[in-house]
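J.: here is a sequence with its predicted model. Questions after.
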Amino acid sequence: MQKVLSRISQLSCFQSACLCERTSLAQQQIKRKDNQFVVFSSGQVMEFAELIKTPRVDGVVLHRPFMPTVEGTLCLTGHHLILSSRQDNTEELWLLHSNIDSIEKRFVGSLGSIIVKCKDLRVIQLDIPGMEECLNIASSIEALSTLDLLSLMYPFFYRPMFEVIEDGWNSFLPEDAFKDLESMTDEWRLSEVNKDFSVCPSYPPLVAVPKYVDDDTLRKAATFRHGGRFPVLSYYHKKNGMVMMRAGQPLTGTNGRRCKEDEKLINATLRPGKRGYIIDTRTINVAQQAKARGGGFESEANYPQWRRIHKAIERSNILQESLIKLVEACNDQSHSMDRWLSKLEASNWQTHVKEILTTACLAAQCIDREGASVLVHGTEGTDSTLQVTSLAQIILDPACRTIRGFQGLVEREWLQAGHPFQQRCAQSAYSNSKPRQEAPSFLLFLDCVWQILRQFPCSFEFSEGFLVLVFEHAYASQFGTFLGNSTAERTKLSLPEKTVSLWSWVNRPQELERLTNPLYEANSLVIWPSVAPQSLLLWEGVFLRWNRSSKCLDEAYEEMVHIIAYNKELQNKVNSLRRQLAQLETEDPLLQTP
Amino acid sequence: MEHLRTPKVENVRLLDRSSGQRKASIGTLYLSATHTIFVENNPESRKETWVLHSMVSSVERPPTIPAGSQLILRCKDFRVFQILIPQERDCLDVHTSLVRLSRPEKYSELYCLSFNPNVNKMEREESWNFIDLMADYKRMGVPNNLWVATAANSEYRVCDTYPSELFVPKTATPAIIVGSSRFRSRGRFPALSYFHQDTLAAVCRCSQPLSGFSGRCQEDEMMLQMLMKSNPGSDYIYVVDTRPKLNAMANRAAGKGYENEDHYTNIKLQFIGIENIHVMRSSQQKIIDVGEMRSPSMTDFLYGLENSGWLKHIKAILDAGLFIARAVADEGVSVLVHCSDGWDRTAQACSVASILLDPYYRTIKGLMVLIERDWVCFGHKFSHRYAHLDGDPKEVSPVIDQFLECVWQLSEQFPCAFEFNERFIISIHTHVYSSQYGTFLGNCQKERRDMRLRERSHSVWPQLWKDRAEYTNPLYQVELSQSQGVLRPNTTPYCFKMWKGLYNHTEKSTPPRQSPADFLSAVREESQQLEEELTNHQERIAALTGKPIMWEKIEVPRRRTSHLRQTHRGPDPPTTYRDTITSPAQDNGRKLSSEPANQKTPTQDPDLTLPLGPHTQLKSSNPDDLSTRSDLESGVADLSSCSSSRGDDGKDPDLGEAVFITA
């Protein structure tokens, strides 16, 4: 505790330093204070100062597409690249080092340029006078942007300058979600079998399972599922009581192992005489091949009450390649129409979007139209599985289309469900380093949500901006929400105590106002998106965001907001007059004419 | 009527393939002299489907199946109907009738000459004067001391496909005009299309010169010199040949071609590379096929889109327009545009340039004026291109389709710049093909005069104008920058999309797609009613209290924010940071109230700060009072119930309200 307190006081010291930077950019001070801070805490963390060879260069020119160039002073701090013209009311660039995906150096005479490519897909260029300065800055950025140690990440140093109304870390706890479930059905219970993360390291400590299945059965079923990910409840469809569950692949192996407990567990979710569907997100071939590595799929013989359907959502490395190709196509302005369309096609990104949406629609259809329960899994059950289960909920459950409901969905189906954000989002589309476990699974999910939002522009409480915001923060953030790979890791890092949640920031009136879709009209229906290729578009808000001017689209958005705001204001006004009038009429008996 | 083999067939099944209908409906098929009409048997809906014969582009008869004989009706607006008729004999009769009816041989068979939209003679004559081109020339500042009207082409003596009234440089004498016209394909000499007042530069149009390999013409050379001179600001002109250079060179062998830069002083020749009508025809067929593909894979679709080449052609036309607009607006240099005959690609390039240069052409009336000038009057061959009569299929080509699509693509990039919506563009498209009105009939002004169309048919423009409320873009704001000045679109390939509104009516999603534009139009309409009601209430209160009316301005500050904000991840929360860079422009909060501002205005009604839902007040009013309520109030009840249905069900009411109270 003592340690935490002392840490906080240091952090506030750092904060004030940063504030100085921002307001007056008193460079001497920064350096001193920054150093001071680093030295002060060198017992715990390494010295950022060692990595910063040149903390400050004057006369740097910043180029960004569709924006005026800015000349100013470049500063490097432990977590930020800052460029300021040091004039009032001019824009300053603050870039998190963790947002930098890769850099390139170019030299023309003594003028060096660094091209900075970010994880949010933006590309900027910094012209730096002086070869040595340029090299120093480049190597510092490279070092600072590739720090692997989680505890050095900015969220641990960030102190909010806003009032936290509601701590986002406590907003979406499994026990609270379960209370909602309890109000609808008593067929489920909250199991503590994974309390110490020993049964399934990627699951949260509390999971919802069928009421009459005991913890021993769960433990045994876990040994039969990839990563210990035994079938758990993902979604309960209030309308007809059907459920969606998710799991890892069954470990049948080549000799067709079976597990009675696993069968018992999922059969417990079926109504008498009813059949369920197992949606395997892999093709039958891929699933067959998985047997050789100990994985597999549920055989008809052992699961007679279940019908298995195979879909074709690609694996992580293929998706990452697809993202890289797509972004490359979007960034090349010299294409002819033919070349652009053929590169767009070759990237296969839109194919992935279509495939994922189709599978999600299938799951939703089984539940809503066929009145059947569904179990979804792929291989690990941490990527394609979550895409399908979360999108199916967007389709089926109007609550997931609200701002808060969507946060809850991301918490439940991605963060708590153990999507390894740290691994998947370590690199984005520009990185030169060898890909490890990176994959745009989450970005694809957001893209699919955007496709549905575009088709049903009045049915979502949030606007496109919210999806873009979530995308950005998943890749680089001052908030701790997307750090770590699982609840276990987050608990170990004490993220809830040491960092601020993204939701703490989002769930404040002024932010919510900005993220609200002005067209929203609560729509309690199931919404079935079209998955025809003609209906699926490239998500311009992410992929073309930096490649064209947004002025006219912004203007249109503003106009839309204004039309609706004006209407509401008029309504209020008319209502108040109506009241005033009614009052006047009752006061004046003479007016009660026949 | 003599072509009608059978007027009515019962127990017919109809499937509207283009609207994504999956189950055929059963009903009765009627054939009239002008329409195919299908009436559903279902007593609840009795839905009627009307298809104008002139909109039918083909009638196919696939092999008979056990259930009956089939017909497939393909329409010029890309709708596709599948019809199943129990008796083969009936089917044969319908087929023969439709084939004949959909391919009229003479103008007199056309619908527009029998169509009577219930207006009298006077109104009809007036309808033809609805668009006044001379007024538009005046609006752009012509005639002036540089450009004058010429009588050279009165009675279509010099060029029979040109209008009789034309503007040319002041110095161009009839002799020069006639000389130049002899050196130009079909006599289409250089004439003014658009004059840009700001720079005094002009967009002119003509056809290709009859130069062959070495031919020249002194009058034509002088004519171009005069074009250049009539723009005091520059010492050269651009000659934009919209064809691919190879095509232009090939034309030289036929005694045609392009201007030799050695013979003309001070011209800069620019080739753009828009393909010819035959390429465009087959390209459109391919994109129609793409739109009709049933459950294609993403690869099939994108490959089909690429393979059709359609978007490439749209881009070429937009690039041509952009080149002209930039020359005129940015460089202040006049441009002479031509292709081969100067009535297809030239019309496209000139009209796109006008849209980019002049905000007037982005209004409902303005687009009508533009089409009337650059297409109808300058002799775009409507009847040939859009197959109004049974004729040479090689003459058919979607030339104006492409222009309209350019306008649509622009409206996607500049959502607030156009007064009209997509529906308006599609309506024009339909009317170009339907020959329901006389406006687009014939191939040039002279033909229309000879047919006495003004006496025998009606103009489409007043009809469209009458329905303008339906065609209005709710986001259009005259004050916004994109609604003023020159548009500079981005023509990088990724800025072009397939126009689904035209080529793919099917979008199978339930509940049906929501349209933000329609939603906003409804909100704006409601706001107008509320404004009226506000005035009424204020008057009523003033009458009751005996106090003067307190006119109040309703103002809502504009939110200065982009919908995709650049988030800042510094130590400061982005909110406070943002304010320092973009100072919220308070003065930009526009006054929207249509009420006359009273001197005593500004005090805000304190009631406004109470976040009371509208319905709560309604409930509180005594139901017994209903009898005393005026009609006005019952209208009010409707509105408030409508507004409450917008519903705060899902969202925090405080937040919803808080936004608007900060006024």
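T.: Received the coordinates, thanks.
J.: flag the shaky bits of chain A, pLDDT-wise.
T.: Residue ranges of chain A with pLDDT under 70: A:1-47, A:89, A:588-594.
J.: how does it divide into domains?
T.: A:44-147, A:176-550 (the TED database).
J.: distance between the first one and the chain's centre?
T.: Meaning domain A:44-147. Taking Cα atoms, centre = their mean, to the nearest Å, the mean C-alpha location of domain A:44-147 is offset from the chain mean by 26 Å.
J.: sorry, back to before: could I get the domains of chain A as a markdown table with mean neighbour count and distance to A:Ile165?
T.: For glycine as for every other residue, the C-beta is placed from the backbone atoms N, C-alpha and C. Formatted as a markdown table, the domains of chain A follow (neighbours: other Cβ atoms under 10 Å in any protein chain shown; distance: least, Cβ to Cβ, whole Å):
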| stretch | mean neighbour count | distance to A:Ile165 |
| --- | --- | --- |
| domain A:44-147 | 18 | 25 |
| domain A:176-550 | 20 | 6 |
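J.: could you pull out the strands for the stretch 51-200 of chain B?
T.: Using DSSP state E, counting those that start in this stretch, the strands of the stretch 51-200 of chain B run over B:56-60, B:69-75, B:80-85, B:147-150, B:166-169, B:191-196.
J.: which strands and helices lie in contact with the last one?
T.: Which is strand B:191-196. strand B:166-169, strand B:201-205, helix B:345-357 (3 or more Cβ pairs under 8 Å, 6 or more residues apart in numbering or on different chains; DSSP states H and E).
J.: and it, how far from the chain's centre?
T.: Mean-position distance between strand B:191-196 and its chain equals 21 Å (Cα atoms, centre = their mean).
J.: quick one: average confidence on it?
T.: For strand B:191-196, mean pLDDT rounds to 97.
J.: and what of the first one?
T.: Averaged across strand B:56-60, the pLDDT comes to 94.
J.: report the angle between that strand and strand B:80-85.
T.: 40 degrees (axes from the mean of the first three to the mean of the last three Cα atoms, to 10 degrees).
J.: grab the longest helix from chain A for me.
T.: Looking across chain A with DSSP state H, the single longest helix is helix A:551-587.
J.: and it, what's buried?
T.: A:552-582, A:585 (16 or more other Cβ atoms under 10 Å in any protein chain shown).
J.: low-confidence ranges, the stretch 101-250 of chain B, go.
T.: Ranges of the stretch 101-250 of chain B meeting pLDDT under 70: none found.
J.: where does it get nearest to chain A, which residue?
T.: With Cβ to the nearest Cβ, the shortest gap between the stretch 101-250 of chain B and chain A falls at B:Pro244, namely 13.9 Å.
J.: distance check, that residue against A:Ser486.
T.: 60 Å (Cβ to Cβ, to the nearest Å).
J.: try A:Thr254
T.: 30 Å.
J.: B:Arg326 now?
T.: 56 Å.
J.: got it, and B:Ser334?
T.: 69 Å.
J.: could I get the full set of helices for the stretch 101-250 of chain B?
T.: Under the criterion DSSP state H, counting those that start in this stretch, the stretch 101-250 of chain B carries helices at the ranges B:121-128, B:133-139, B:174-182, B:218-229, B:245-252.
J.: the lengthiest helix in chain B near chain A at all?
T.: Longest helix in chain B, counting residues (DSSP H): helix B:516-545. Yes: using Cβ under 8 Å from any Cβ of the partner chain, helix B:516-545 comes into contact with chain A via B:516, B:519-520, B:523-524, B:526-527, B:530-531, B:533-534, B:537-538, B:540-541, B:544-545.
J.: same for that helix, what does it pack against?
T.: Short answer (3+ Cβ pairs under 8 Å, 6+ apart): helix B:516-545 packs on helix A:551-587, helix B:631-645.
J.: contacting residues for A:Thr217?
T.: A:Glu261, A:Lys264, A:Leu265 (Cβ atoms under 8 Å, 6 or more residues apart in numbering or on different chains).
J.: where does the first one land in three-state SS?
T.: Right, the one you point to is A:Glu261. Counting by DSSP: H, G, I helix; E, B strand; the rest coil, the backbone at A:Glu261 sits in helix.
J.: can you tell me how far it sits from A:Ala399?
T.: 33 Å.
J.: with the last one instead?
T.: Going from A:Leu265 to A:Ala399 by Cβ to Cβ gives 27 Å.
J.: neighbours of the residue of the stretch 51-200 of chain B found nearest chain A, how many?
T.: Relative to chain A, the nearest point of the stretch 51-200 of chain B is B:Phe78 (12.9 Å; Cβ to the nearest Cβ). By other Cβ atoms under 10 Å in any protein chain shown, 18 other residues sit near B:Phe78.
J.: what of B:Gly68?
T.: Residues near B:Gly68, counting by other Cβ under 10 Å, number 17.
J.: now do the one 5 residues further on
T.: The number of residues packed near B:Leu73 is 23, by other Cβ under 10 Å.
J.: many thanks, I have nothing further to ask.
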